[in-house]
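any chance you could fold what I've pasted below:
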Amino acid sequence: MSPAPALLVIAHGSRDPRHAATVHALVARARTLRPGLRVETAYLDFTTPSVGQALSALYLSGVRDVVALPLLLTRAFHAKSDIPAALAESAARLPGLSVRVADVLGPSPLLLSALERRLAEAGLTPADRATTAVVLASAGSTDPEAIAVIAETAREWRLTGWCAVRPAFASAALPRTEDAVRALRAEGVARVAVAPYVIAPGRLPDRIAAGAESAGADVLAEVLGAAPELARLLLRRYDAAVSAPARLPALTA
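As a prediction, the model looks like this:
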């Protein structure tokens with residue numbers, strides 16, 4: 001039996017060291033859930049190894065079959081352009097390397113479960129749902145598809161009992177976190193919570209936190225981070241790529 005494809009988790013990267021530390025913690029959790037599966041990490045920018053470096057290291061160790069998983073919540077520019085370009089460059093120079101590309105993480109019920117976990121950790125209880133509005137604060141994108149996915153995620157989450165769920169963005173799109181909080185206040189909502197819909201700390205999550213504080217949000221949850229739901233989601237996306245390769249992009253030298 002041939003070995004299972006290696007999993008290469010591709011994160012955005014950041015100058016903020018908290019970002020890489022969080023990604024490493026998430027990947028480590030995924031490894032514990034799937035003993036024996038080789039799981040490595042690469043970054044698009046700011047942090048090493050790059051995608052090319054990580055694939056070269058896997059190749060030199062004898063790996064010829066890889067599932068590349070974008071550690072992204074929506075299919076925006078990085079998923080549509082940057083990651084395919086980096087993978088294609090490596091596949092072209094590494095003979096015999098096969099790379100399958102898994103879906104991005106969102107949307108998924110597991111992400112909503114992780115958001116719920118973070119709000120509970122911040123002090124909210126099931127009894128608070130009917131009187132609490134949530135601002136779903138994402139990093140933001142210029143891609144209309146990505147913005148639409150965030151808006152739909154907010155609509156779906158609202159159906160679980162929160163009195164309102166509104167999308168907000170730290171960059172590239174409106175409203176900003178603070179504006180969404182103030183709008184909910186103006187509507188007379190008793191309690192406003194901000195749930196960062198981002199994976200790891202960094203500049204944009206800090207902007208979300210600053211907006212929540214400046215607008216007087218009652219609750220600010222932590223980023224999704226190494227939540228167990230995210231670790232399970234990584235493996236779910238990996239398994240889907242392995243079991244249905246014909247429906248997924250494949251790059252082979």
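
from now on I want contacts and neighbour counts done on CA atoms only, so please keep to that.
Will do.

okay, and for this structure, where does confidence drop off?
1, 77-80, 245-253 (pLDDT under 70).

how does it look with 80?
Applying pLDDT under 80 to the chain picks out residues 1-2, 76-81, 244-253.

quick one, helices of it?
17-33, 51-60, 77, 83-93, 109-121, 144-158, 177-186, 203-214, 228-243 (DSSP state H).

which one of those lies nearest to residue 100?
helix 228-243 (6.8 Å; Cα to Cα).

who are the packing partners of the closest one?
helix 17-33, strand 65-70, strand 98-101, helix 109-121 (3 or more Cα pairs under 8 Å, 6 or more residues apart in numbering; DSSP states H and E).

could you export that helix as PDB, CA atoms only?
In PDB, the C-alpha atoms belonging to helix 228-243 read as follows (Å, rounded to 0.1, in the frame of the first residue of the first chain):
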ATOM      1  CA  PRO A 228     -10.200  21.700  18.100                       C
ATOM      2  CA  GLU A 229     -12.900  22.300  15.500                       C
ATOM      3  CA  LEU A 230     -10.300  23.800  13.100                       C
ATOM      4  CA  ALA A 231      -8.000  20.900  13.600                       C
ATOM      5  CA  ARG A 232     -10.800  18.500  12.600                       C
ATOM      6  CA  LEU A 233     -11.700  20.700   9.700                       C
ATOM      7  CA  LEU A 234      -8.100  20.600   8.300                       C
ATOM      8  CA  LEU A 235      -8.300  16.800   8.300                       C
ATOM      9  CA  ARG A 236     -11.800  16.900   6.800                       C
ATOM     10  CA  ARG A 237     -10.500  19.000   3.900                       C
ATOM     11  CA  TYR A 238      -7.500  16.700   3.500                       C
ATOM     12  CA  ASP A 239      -9.700  13.600   3.400                       C
ATOM     13  CA  ALA A 240     -12.000  15.100   0.800                       C
ATOM     14  CA  ALA A 241      -9.000  16.000  -1.400                       C
ATOM     15  CA  VAL A 242      -7.600  12.400  -1.100                       C
ATOM     16  CA  SER A 243     -10.900  10.700  -1.800                       C
END
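
how big is the angle separating that helix from strand 65-70?
In terms of direction (axes from the mean of the first three to the mean of the last three Cα atoms, to 10 degrees), helix 228-243 departs from strand 65-70 by 140 degrees.

mind listing what's buried along helix 228-243?
Neighbour-count burial for helix 228-243, with 16 or more other Cα atoms under 10 Å as criterion, is recorded at 228-235, 237-238, 241-242.

I'd like the helices of the chain laid out as JSON lines, including distance to residue 193.
Shown next, in JSON lines, are the helices of the chain (distance: least, Cα to Cα, whole Å):
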{"stretch": "helix 17-33", "distance to residue 193": "23"}
{"stretch": "helix 51-60", "distance to residue 193": "36"}
{"stretch": "helix 77", "distance to residue 193": "29"}
{"stretch": "helix 83-93", "distance to residue 193": "33"}
{"stretch": "helix 109-121", "distance to residue 193": "8"}
{"stretch": "helix 144-158", "distance to residue 193": "13"}
{"stretch": "helix 177-186", "distance to residue 193": "8"}
{"stretch": "helix 203-214", "distance to residue 193": "8"}
{"stretch": "helix 228-243", "distance to residue 193": "21"}
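
nearest to residue 5, out of those helices?
Closest to residue 5 of the helices of the chain, according to Cα to Cα: helix 228-243, at 7.7 Å.
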